[in-house]
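Engineer: need the 3D shape of this:
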Amino acid sequence: MKRQLLQTALLCLLGLAAHLPLQAQTTILRVSAIPDEAPTELQRKFKPLGEYLKKETGADVQFTPVTDYAAVVEGLATNKIDLAWLGGFTFVQAKLRTQGGAVPLVQRAEDEVFTSKFIVPTDSKAKTLTDLRGSTFAFGSPSSTSGHLMPRYFLMQAGLDPDKDFKTVAFSGAHDATVAFVAAGRAEAGALNASVLDKLVEAKNPNAAKVRVLATTAPYYDYNWTARPGLDAALQKKITEAFLKLNAAEPAHQEILSLQRASKFIPTKASNYDSIESAARAAGLLK
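Structural biologist: Modelled structure (predicted):
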């Protein structure tokens, strides 16, 4: 009799579990970012943003660090990452890898007019880009928009072929590392994201004090937040609305925007990055 009562109770519990509302099931939102800065810095920048997205979307937001740019693209393509902070070139790679399935949601207002800066040691005699002919040069990551693709494109526009006109070309792996390379004399010149250089200067970084800006590129579209193919449309809408709601006049939003170096976020679209794709093909970085 007791056994029969236990079985009946168990069946009742199972029946209740089967009819629990879907809202009780927590959605996990796996977020990542291209590793264009030190891992500790990426984690620091994301922490308050992740807490905000969790509050606004109701999802369990989990940050998934990666070791290189290609891993972010592959993570989006294989549904291992749901949302990623990408550079313009990385977005183009993700778009091609997913046959157009990756969806760019928002970008910072600053990303409409992004630039890269060419740097040299403070005592360098170089005055123009052409003075760098025969120098040792450092880019960031091979897949970086602002640390490789666009600087390479603008060097070519200036009549310099990095693979032929520089003594050596190195890849530092990240923007802050490029500054360290040039500051330490490991390269006679380098190129990096203008925003990161500004941040290092503001923070009185000792490496930034040892370099100067030689030239600045023309503006181009760069970073965005991109959703993987097939991410729930309702969740995409919540994510987009959360970013668009961020307001520098709101004290609770100030830290998030400051860490993201954003005045505000605005909607974006895939066609904004067509010029990046064209530059990548012209520079021989896309076949």
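
Engineer: show residues contacting stretch 260-267.
Structural biologist: Contacts with stretch 260-267, where a contact means CB atoms under 8 Å, 6 or more residues apart in numbering, come from 45, 49, 105-110, 112, 195, 199, 240, 243-244, 246-248, 257. (C-beta placed from N, C-alpha, C; glycine too.)

Engineer: where does residue 170 sit: helix, strand or coil?
Structural biologist: Following DSSP: H, G, I helix; E, B strand; the rest coil, the label given to residue 170 is strand.

Engineer: identify the residues contacting it.
Structural biologist: Contact analysis of residue 170 by CB under 8 Å, 6+ apart lists 136-139, 181, 186-187.

Engineer: closest one of these to residue 130?
Structural biologist: Residue 130 has its nearest neighbour among those in residue 137, at 13.1 Å by CB to CB.

Engineer: identify the residues contacting residue 153.
Structural biologist: By CB under 8 Å, 6+ apart, the contact set of residue 153 is 279, 282-283.

Engineer: next one: residue 156
Structural biologist: Shown in contact with residue 156 (CB under 8 Å, 6+ apart): 162, 282-283.

Engineer: adding neighbour count, write the contacts of residue 170 out as a markdown table.
Structural biologist: Below are the contacts of residue 170 laid out as a markdown table (neighbours: other CB atoms under 10 Å):
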| residue | neighbour count |
| --- | --- |
| 136 | 18 |
| 137 | 25 |
| 138 | 26 |
| 139 | 25 |
| 181 | 27 |
| 186 | 15 |
| 187 | 25 |
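
Engineer: columns pLDDT and distance to residue 117 on top of these, output as CSV?
Structural biologist: As requested, these are exported to CSV (pLDDT from 0 to 100; distance: CB to CB, whole Å):
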residue, pLDDT, distance to residue 117
136, 98, 18
137, 98, 14
138, 98, 13
139, 98, 13
181, 98, 14
186, 97, 18
187, 98, 14
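
Engineer: circling back to that earlier point, for the contacts of residue 153, which PyMOL command selects only the ones that are buried?
Structural biologist: This is how PyMOL selects the buried members of the contacts of residue 153, with burial counted by 16 or more other CB atoms under 10 Å:
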select buried, resi 279+283
